[in-house]
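**Student:** here's a sequence, model it:
(2 chains)
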Amino acid sequence: DAKTTQPPSMDCAEGRAANLPCNHSTISGNEYVYWYRQIHSQGPQYIIHGLKNNETNEMASLIITEDRKSSTLILPHATLRDTAVYYCTLMDSSYKLIFGSGTRLLVRP
Amino acid sequence: GAVVSQHPSRVICKSGTSVKIECRSLDFQATTMFWYRQFPKKSLMLMATSNEGSKATYEQGVEKDKFLINHASLTLSTLTVTSAHPEDSSFYICSAGARSSGNTIYFGEGSWLTVV
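**Tutor:** Numbers count the residues shown, from 1 in each chain, chains lettered A, B, ... in the order given. Below you'll find the predicted structure:
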């Protein structure tokens, strides 16, 4: 079973920041937080991952709370092409990724 | 990011036949590959973990004799759906990772299987 919970859907206006929350209250000390997104009929696309520090790359920023029980993915300037299902998942040393239901993000024009 | 490629992207087969799906890591050696299936509007469900040179590890409820997985090299894993039935119709996705890729798992484009 997935160890993460996310809201089923969110929306934001184009050009604004999209903040996608994720709860992982039972996270273990050696588990990383990973974010992927999936556009219809395609394989998931890697976005970002982190262990305990906040991370930023060209796609997004990842904010992990100090107790590591939750995190937020931030798309700083959402575009229509960011409309997708976003998955927050955990990975331990086995490399396994168990996916929950994800958040369906709709970016409005 | 690293590239993982699947082939075929779409396949239609007759009920009772077998179909093979390939997953290749194009620019890195994948010590571990994973196979998922996804039904419409549902999340990805992990089927099995494939380690190069050893037998695959199947998740609970996944029939190993029906979904044969082979990981003969560091760049290729195959999933064979044997004696396919219409209920096996689904979107099959592979992923691959290696410690040299910084603990990141990359996914293939997916393969649509339709059994008629």
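**Student:** so what's the residue in chain B that chain A sits nearest to bridging to?
**Tutor:** Per Cβ to the nearest Cβ, B:Phe107 is where chain B lies closest to chain A, at 3.9 Å. Every C-beta, even on glycine, is put in place using the N, C-alpha and C of the backbone. For B:Phe107, the beta-bridge partners are B:Ser95 (DSSP bridges).
**Student:** quick one: mean pLDDT over the strand or helix carrying B:Thr49.
**Tutor:** Secondary structure from DSSP states H and E places B:Thr49 in strand B:45-51. The average of the pLDDT scores along strand B:45-51 is 93.
**Student:** against which helices or strands is it packed?
**Tutor:** Applying 3 or more Cβ pairs under 8 Å, 6 or more residues apart in numbering or on different chains; DSSP states H and E, one finds that strand B:45-51 makes contact with strand B:32-38, strand B:57-58, strand B:67-73.
**Student:** wait, does the last one contact chain A?
**Tutor:** Meaning strand B:67-73. No. Using Cβ under 8 Å from any Cβ of the partner chain, we find that strand B:67-73 stays clear of chain A, coming within 13.3 Å at best.
**Student:** get me the contact residues on chain A for chain B.
**Tutor:** Checking chain A against chain B by Cβ under 8 Å from any Cβ, the hits are A:2, A:32, A:34, A:36, A:41-46, A:49, A:87, A:91, A:94-102.
**Student:** need the contact list for the residue nearest to A:Ile39 when sequence neighbours are not counted.
**Tutor:** Distances taken as Cβ to Cβ, 6 or more residues apart in numbering or on different chains place A:Ala84 nearest to A:Ile39, at 4.7 Å, with adjacent residues excluded. Residues near A:Ala84 by Cβ atoms under 8 Å, 6 or more residues apart in numbering or on different chains: A:Arg37, A:Gln38, A:Ile39, A:Arg104, A:Leu105.
**Student:** give the buried subset of the residues you listed as a PyMOL selection command.
**Tutor:** Buried residues among these (16 or more other Cβ atoms under 10 Å in any protein chain shown), as a PyMOL selection:
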select buried, chain A and resi 37+38+104+105
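**Student:** now tell me which of the contacts of A:Ala84 the prediction trusts least.
**Tutor:** Among those, A:Ile39 has the lowest pLDDT, at 94.
**Student:** how much space between that residue and chain B?
**Tutor:** 11 Å (Cβ to the nearest Cβ, to the nearest Å).
**Student:** test my guess that that residue contacts A:Gln45.
**Tutor:** Yes. With contacts counted by Cβ atoms under 8 Å, A:Ile39 reaches A:Gln45, the gap being 7.5 Å.
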